[in-house]
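Student: sequence first, then the predicted structure, then my questions.
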Amino acid sequence: MAYFVVEGNIGAGKSTFMRVVGSLLNAHIVYEPHQAWQNIDGENLLDAFYSDGNRWAYTFQTYAFLTRIFALEEQMKKAEKPYLLSERSVYADRYCFAKNAYEIGLMNELEWKLYCDWFSWFVENRTQRPLGFVYLRTDPSVCYQRLNKRNRIEEKLVSLDYLKLLHAKHENWLIHRQDISHRLHDVPVLVLDCDQDFEASESLQKEHADRVAEFVVQQLGIDRSQVFASKVV
């Protein structure tokens with residue numbers, strides 16, 4: 001199953017993008033598995049991570065990896081559309097979130113080595129590589145404003161400085177291609193400027209959808225009419 005990944009910082013607008021722009025596309029949509037992190041037999045692992053990162057960073061990153069893989073594989077079995085559009089990937093975990101956790105001291109040296117070892121083996125041998133990344137490039141200050149507006153309880157401790165660190169990680173990975181696996185070097189990246197609010201702008205939604213459609217057509221080599229939802233064509 002051919003799939004593409006929508007990437008971006010916390011508050012970049014990924015879920016909104018998947019909902020409003022995704023509705024214009026003939027794609028099977030896979031959302032980030034937030035609910036799996038928020039309710040593990042009544043325990044909220046996402047909140048535990050934000051509240052006590054030193055204790056829970058390695059545990060959270062491990063579980064985030066597993067739930068992403070499970071969700072993607074399960075949805076691939078159900079997909080009946082020409083391609084799949086997934087919200088974030090295990091690569092974002094590795095090159096942005098887990099790496100940042102290690103660099104700011106939330107993961108110790110041993111935890112980081114263990115994470116990198118099993119991540120590399122599993123990804124190299126057991127996962128399908130995406131055909132492309134769609135990067136919702138957004139200024140950290142804009143992300144911070146959106147994060148405060150949506151007011152999720154788990155994100156109450158997320159600071160602007162933290163978002164700036166994550167932004168730099170996304171830039172290094174998706175723009176500059178620094179220190180990434182050889183497996184990803186030739187995976188194309190579509191960069192969309194998402195500082196402007198597109199939720200209330202139909203013209204901007206259509207513009208983003210057009211660019212994603214063109215990107216998908218280039219990678220899959222299918223007719224453009226197959227990329228859009230029938231109601232849009």
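Tutor: Perfect, thanks for sending it. Residues are numbered from 1 along each chain as shown.

Student: ok, now which ones touch the residue nearest in space to the middle of the chain?
Tutor: For the chain, Arg88 is the residue whose C-alpha lies nearest the centre (CA atoms, centre = their mean; 1.7 Å). Counting by CB atoms under 8 Å, 6 or more residues apart in numbering, Arg88 touches Val5, Val6, Glu7, Lys14, Glu32, Arg68. From N, CA and C alone the C-beta is placed, and that goes for glycine too.

Student: what is the strand or helix carrying Phe65 packed up against?
Tutor: Following DSSP states H and E, one finds Phe65 within helix 53-78. Judged by 3 or more CB pairs under 8 Å, 6 or more residues apart in numbering; DSSP states H and E, helix 53-78 is in contact with strand 27-30, helix 34-38, helix 45-51, strand 83-87, helix 90-92, helix 99-103, helix 109-126.

Student: how about the ones you listed in TSV, adding mean neighbour count?
Tutor: Below are those laid out as TSV (neighbours: other CB atoms under 10 Å):
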stretch	mean neighbour count
strand 27-30	22
helix 34-38	15
helix 45-51	19
strand 83-87	22
helix 90-92	23
helix 99-103	19
helix 109-126	13
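
Student: looking at the ones you listed, which is nearest to Lys156?
Tutor: helix 45-51 (7.7 Å; CB to CB).

Student: mean confidence for that closest one?
Tutor: The average pLDDT for helix 45-51 rounds to 95.

Student: poorly predicted segments of this structure, please.
Tutor: Applying pLDDT under 70 to the chain picks out residues 231-233.

Student: pull out the buried residues from the helix holding Phe65.
Tutor: Of the residues in helix 53-78, 53, 56-58, 60-65, 67-69, 71-72, 75-76 count as buried by neighbour count, 16 or more other CB atoms under 10 Å.

Student: pull the CA atoms of stretch 69-77 into CSV?
Tutor: Extracted C-alpha coordinates of stretch 69-77, given in CSV (Å, rounded to 0.1, in the frame of the first residue of the first chain):
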residue,chain,number,x,y,z
ILE,A,69,3.3,0.8,13.6
PHE,A,70,0.1,-1.0,14.8
ALA,A,71,-2.2,1.8,13.6
LEU,A,72,-0.5,2.1,10.2
GLU,A,73,-0.5,-1.7,9.5
GLU,A,74,-4.1,-2.1,10.6
GLN,A,75,-5.3,0.8,8.4
MET,A,76,-3.3,-0.5,5.4
LYS,A,77,-5.3,-3.7,5.6
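
Student: identify all contacting residues around that stretch.
Tutor: Contacts of stretch 69-77 (CB under 8 Å, 6+ apart): Met1, Tyr3, His28, Val30, Pro33, Ala36, Leu84, Ser86, Val90, Thr127.

Student: now do stretch 199-217
Tutor: 4, 13, 16-17, 20-21, 24-25, 27, 83, 85, 132, 134, 188, 190, 192, 196, 198, 222-224, 227-228, 232.

Student: repeat that for stretch 97-115.
Tutor: Counting by CB under 8 Å, 6+ apart, Gly53, Asn54, Ala57, Tyr58, Gln61, Thr62, Ala64, Phe119, Leu165, Leu166, Lys169 sit against stretch 97-115.

Student: need those in JSON lines with distance to Tyr95, can you?
Tutor: JSON lines is the format used below for the contacts of stretch 97-115 (distance: CB to CB, whole Å):
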{"residue": "Gly53", "distance to Tyr95": "18"}
{"residue": "Asn54", "distance to Tyr95": "21"}
{"residue": "Ala57", "distance to Tyr95": "15"}
{"residue": "Tyr58", "distance to Tyr95": "17"}
{"residue": "Gln61", "distance to Tyr95": "12"}
{"residue": "Thr62", "distance to Tyr95": "16"}
{"residue": "Ala64", "distance to Tyr95": "13"}
{"residue": "Phe119", "distance to Tyr95": "10"}
{"residue": "Leu165", "distance to Tyr95": "13"}
{"residue": "Leu166", "distance to Tyr95": "10"}
{"residue": "Lys169", "distance to Tyr95": "6"}
